[in-house]
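In: dropping the sequence and predicted coords here.
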Amino acid sequence: MHVKPLADRVVVKPLELEEMKKGGIIIPDTAKEKPMEGEVIEIGTGRITEDGKKMPIEVKKGDRILYGKYSGTEVSINGDEYLIMRESDIFAIIQQS
């Protein structure tokens, strides 16, 4: 199955955080914070402004991004978990140095 987001929406694969240990205690999955970093899997065509112009999306497939903790809508596609969110929910693109 292939998902193509509409307008200014993007499909993001959340990146799993490394298992956290505090004082030698392994934190269970239910107590871990939601990841705020992910990889852009698919992008929409862009937002249409009030005057009818199409604004292209700044992120592209493969970009690693930072987004808000509770951003987007969780969906399951072929057994994998993804987020569908608006481009405005993305805070930054992580660039490798």
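Out: Nice, I can see it.
In: now Ser76. Nearest residue, chain neighbours left out?
Out: Leaving aside its chain neighbours, Ser76 sits nearest to Tyr82 (7.6 Å; criterion: C-beta to C-beta, 6 or more residues apart in numbering). Just so you know, the C-beta spots here come from the backbone N, C-alpha and C atoms, and that holds for glycine as well.
In: from Leu66, how far off is the one you found?
Out: From Tyr82 across to Leu66, the span is 17 Å (C-beta to C-beta, to the nearest Å).
In: low-scoring pLDDT stretches of this structure, where are they?
Out: Within the chain, the set of residues satisfying pLDDT under 70 comprises 1, 17-35.
In: kindly recompute the last result at 90.
Out: By pLDDT under 90, the weakly predicted segments of the chain are 1-3, 15-36, 48-49, 69-70, 77-78, 96-97.
In: hang on, the earlier thing: neighbour-wise, which of Tyr82 and Leu66 wins?
Out: The residue with more neighbours, out of Tyr82 and Leu66, is Tyr82; 20 against 13, by other C-beta atoms under 10 Å.
In: quick check, central residue of this protein?
Out: Val12 (3.4 Å; C-alpha atoms, centre = their mean).
In: okay, now the closest residue to that one other than its chain neighbours: neighbour count?
Out: In space, Val12 comes closest to Gly38 once its chain neighbours are excluded; the distance is 4.1 Å by C-beta to C-beta, 6+ apart. Gly38 sits with 25 neighbouring residues when counted by other C-beta under 10 Å.
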